[in-house]
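Participant: The following block contains a protein sequence and its predicted model.
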Amino acid sequence: MTLGPAANVGRELAGLERFGQVLEALPGPAYLVGGTVRDLMSRRPPRYDFDLAVVGDAERFAGHLAARLGGTLTTYGQFGTARVDYDDRAHVDVATARTETYTEPAALPDVAPADSIEEDLARRDFTINAMAISLPDARLIDRFDGIAHLRDRLVRVLHEASFVEDPTRIFRAARYETRLDFRMDPKTETLAMLAAPGVAQLSGARVREELFAIFEEDEPERILARLHELGIDAQLDVEFPAAPTDLQQRLRGLNEAYSLGLPRAHLGLLSIRAPEGWLDDIKVNRRIADGVEAARREEPFLRSALTGRADAPAEIVEAVERTGPDTALYTLARREDSALRRYFEQLRGVRLEVDGDDLRALGLEESPRVGEVLGELRRRKLNGELAGRAEELAAARELLAE
Ligand code: ATP
């Protein structure tokens, strides 16, 4: 990794695709902050979301910026934050530089406007995230040796109470370690272990947000294994795998291959071993939590119901449909199974070409019998006994005559 020395900040900025127009449109002094500075100074691929901090009124600043960029302004009403969308899917977040004071560990801080960018940087999580570039003059502000720690590949807190004040930073540290292939310095790691009990004080929703951020990363299982090593899962009464398995990769692969459309967070939840009710505690949507819990419970039953059934299509579908919405995916991801492969590749898409209206036209009134006849037709179709609408109708007539 080559680091751009401070003198090159201007050149790095100029190379930041889609940022040139923001620079030209700036209505006043501002600071580029956060992950973009970190990535820029370590020459990681640019992203298209930029974080700006202004000492003063962020909403007003963002309003002028949006007008000059021809973009759209969104304000959040929270402590002075606004967003400007411009171009095609690029955006800038603008925040008022602020100080944060923690009166109670693991609770949200008291926030107040900062008098300088340095005060704002001092409330941040790690040295590599606590750099700023002043704009438009492109001067690097690096009070905490972020550049040196980028070079040494270190994740380091700014002060000893950091993890105690905000235990979510332990999750963040593990994320950056894995994503960037960095390591906490020994003192930071010790502080993380000492502060581990604090994660139990976090609200369920904050734990969920941290978990979901992990699942968005490329290697979530490595991050979870690291958190396990730090003793975080035990504090949360859950168990993360101690070593990465390939379950998450397999879930993602199947989700993609069969266009299942499940978000990464949903797949991620399937890969952790949470006791019943835990997902509810961290405020996961009830429907998703039910599907995930059912998958773990039902896997052995589905697997045994399918043993030796790879050549019985209707039975495969019937067994799968007796289980929850995630069970087939989870079972196949855990271990290869020819019946389930067949289900996803072929059987899942089998649809009848006749429906209840056709049965009504044949004289069958609305009744449970409609479902029974359609079920029987589908069973026959799955087993390859019916091809096309005409054969389905003929079979329906036969069944109704019985
Ligand atoms: P990425 O989006 O690539 O994960 P990022 O650094 O932009 O990285 P965000 O979560 O968007 O991450 O946060 C933006 C910045 O806000 C961080 O770089 C950091 O300076 C600061 N920050 C975020 N969360 C915390 C926290 N819990 N404590 C202190 N500072 C934080």
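Facilitator: Structure received.

Participant: leaving aside the residues next to it on the chain, what's closest to the residue in the chain that the ligand sits nearest to?
Facilitator: Per CB to the nearest ligand atom, G35 is where the chain lies closest to the ligand, at 2.6 Å. All C-beta atoms are positioned from the backbone trio N, CA, C, and that covers glycine. Spatial nearest neighbour of G35, chain neighbours left out: N129 (6.6 Å); criterion: CB to CB, 6 or more residues apart in numbering.

Participant: Quick check, the one you found in contact with G34.
Facilitator: Yes - under the criterion of CB atoms under 8 Å, N129 makes contact with G34 at 6.2 Å.

Participant: so who does the residue nearest to G35 touch?
Facilitator: 34-35, 38, 146 (CB atoms under 8 Å, 6 or more residues apart in numbering).

Participant: thinking again about what came up before, how many neighbouring residues does the residue of the chain closest to the ligand have?
Facilitator: Neighbourhood size, G35 [other CB atoms under 10 Å]: 15.

Participant: distance of it from R175?
Facilitator: Per CB to CB, to the nearest Å, G35 is found 11 Å from R175.

Participant: do G63 as well
Facilitator: Here the criterion is CB to CB. By it, G63 lies 33 Å from R175.

Participant: Show me which of these two is the more surrounded one.
Facilitator: R175 (22 against 17).

Participant: And the more buried one, how close does it get to I214?
Facilitator: According to CB to CB, R175 stands 6 Å off from I214.

Participant: which neighbours do those two share?
Facilitator: Common neighbours of R175 and I214 (criterion: CB under 8 Å, 6+ apart): I223.

Participant: Would you state the helices of the stretch 201-350 of the chain in chain order?
Facilitator: Using DSSP state H, counting those that start in this stretch, the helices of the stretch 201-350 of the chain run over 204-215, 220-229, 232-235, 247-257, 264-270, 278-281, 286-306, 313-321, 327-334, 338-345.

Participant: Save those as CSV, and put in mean pLDDT and distance to the ligand too.
Facilitator: Formatted as CSV, the helices of the stretch 201-350 of the chain follow (pLDDT from 0 to 100; distance: least, CB to the nearest ligand atom, whole Å):
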stretch, mean pLDDT, distance to the ligand
helix 204-215, 97, 7
helix 220-229, 96, 12
helix 232-235, 96, 15
helix 247-257, 96, 19
helix 264-270, 96, 14
helix 278-281, 95, 21
helix 286-306, 96, 23
helix 313-321, 96, 37
helix 327-334, 98, 27
helix 338-345, 96, 33
